[in-house]
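Undergrad: my questions are about this predicted structure, shown below with the sequence.
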Amino acid sequence: MVCGGFVCTKNALCALNILYVLVSLLLIGVAAWGKWLGLVSSINVVAGVIGVGTFLFLVAFVGLCGALKHHQVLLFFYMMILFIVFVVQFSVSCACLALNKEQQNNLLAAGWNKSAATQNDIEKTLDCCGFFTVDLNGTCPARCFHATPTPTCNSCSDIIQQYTGDVLRFVGSIGLFFSFTEILGVWLTHRYRNIKDPRGNPGAFL
């Protein structure tokens with residue numbers, strides 16, 4: 001049977017969903033590993049990553065079940081969910097690639113002010129204190145803040161801004177790559193739903 005037939009389309013769709021399952025397990029594992037080692041203390045960040053991984057796992061599971069059973073209802077909902085995820089992810093990826101320097105700074109400042117736990121994680125990891133300015137009268141978990149005789153810390157914005165552009169380009173590129181795999185999944189699912197199973201009853205409806 002030539003590629004593009006029932007079996008080939010089924011195998012391609014199963015392989016794509018197995019890839020999504022592996023990515024989702026990787027996300028969940030990395031979040032749990034980071035929390036266990038104390039690299040990330042913010043429960044919101046950990047919960048967010050685990051939530052994304054769980055959602056991706058459930059979507060991939062629905063797609064895998066639908067592909068194995070050629071189940072029309074599961075395949076339809078999988079196709080719709082995947083298309084919505086594609087639209088959202090494609091938009092976010094394009095936004096990451098299009099942000100200018102000022103917009104990046106505003107976004108970083110907004111994220112910095114939302115969580116004290118995230119601030120502590122960044123200060124400890126990057127060895128910096130404060131976002132725009134270093135408050136010598138405050139507290140900071142960074143090693144440089146406890147240096148003697150005086151603290152030698154830089155503000156975190158100075159360090160973060162050195163890598164922000166590269167990180168956003170990397171995230172945007174990865175997001176674009178996976179968004180194209182999602183639109184491929186939508187196309188495969190649509191094609192697979194409209195192919196009759198050659199082992200089934202030739203007179204049965206799709």
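TA: Yep, it's here. Numbering: from 1, shown residues only.

Undergrad: which residues are in contact with the spatially most central residue of the chain?
TA: Nearest to the mean C-alpha position of the chain, counting by Cα atoms, centre = their mean, stands V52 at 6.7 Å. By Cβ atoms under 8 Å, 6 or more residues apart in numbering, V52 lies in contact with L27. Using the backbone N, CA and C atoms, a C-beta is placed for each residue, glycine as well.

Undergrad: for it, report the pLDDT, please.
TA: The predicted structure scores V52 at 84 on the pLDDT scale.

Undergrad: below-threshold pLDDT in the protein: ranges please.
TA: In the prediction, the chain carries residues with pLDDT under 70 at positions 1-4, 34-45, 147-148, 199-206.

Undergrad: quick one: the helices in it?
TA: Along the chain, the segments classed as helices by DSSP state H run 6-36, 43-69, 72-98, 101-112, 116-126, 156-193.

Undergrad: tell me which of those helices sits nearest to C144.
TA: If you check each of these against C144 by Cβ to Cβ, helix 116-126 wins as the nearest, at 9.4 Å.

Undergrad: that closest one vs helix 156-193, what angle?
TA: With axes from the mean of the first three to the mean of the last three Cα atoms, to 10 degrees as the basis, helix 116-126 and helix 156-193 are set at 110 degrees to each other.

Undergrad: residues of helix 116-126 that come out buried?
TA: Using 16 or more other Cβ atoms under 10 Å as the test for burial, helix 116-126 gives 118-124, 126.

Undergrad: same question for stretch 152-168.
TA: 153, 155-157, 160, 164, 168.

Undergrad: which of the residues you listed lies closest to G111?
TA: The nearest member of the buried residues of stretch 152-168 to G111, counting by Cβ to Cβ, is I160 at 10.1 Å.

Undergrad: that closest one contacts L108, correct?
TA: Yes: I160 is within contact range of L108, at 6.1 Å (criterion: Cβ atoms under 8 Å).

Undergrad: what about I28, distance to L68?
TA: To L68, I28 is 23 Å away according to Cβ to Cβ, to the nearest Å.

Undergrad: compare those two (neighbour count), which wins?
TA: When I28 and L68 are compared for neighbours, I28 comes out ahead with 18 against 13, by other Cβ atoms under 10 Å.

Undergrad: quick one: contacts for that one?
TA: I28 neighbours (Cβ under 8 Å, 6+ apart): 49-50, 53-54, 57.

Undergrad: any of those buried? List them.
TA: Using 16+ other Cβ under 10 Å, the buried ones in the contacts of I28 are 49-50, 53, 57.

Undergrad: relative to G138, which of these is nearest.
TA: The closest of these, once distances to G138 are taken by Cβ to Cβ, is V49, at 28.9 Å.

Undergrad: okay, now the residue nearest to the closest one when sequence neighbours are not counted: neighbour count?
TA: In this structure, V49 finds its nearest non-sequential neighbour in A31, 3.9 Å apart by Cβ to Cβ, 6 or more residues apart in numbering. By other Cβ under 10 Å, the residues close to A31 number 20.

Undergrad: thinking A31 is in contact with L25, fair?
TA: No: between A31 and L25 there is no contact under Cβ under 8 Å: 10.9 Å.
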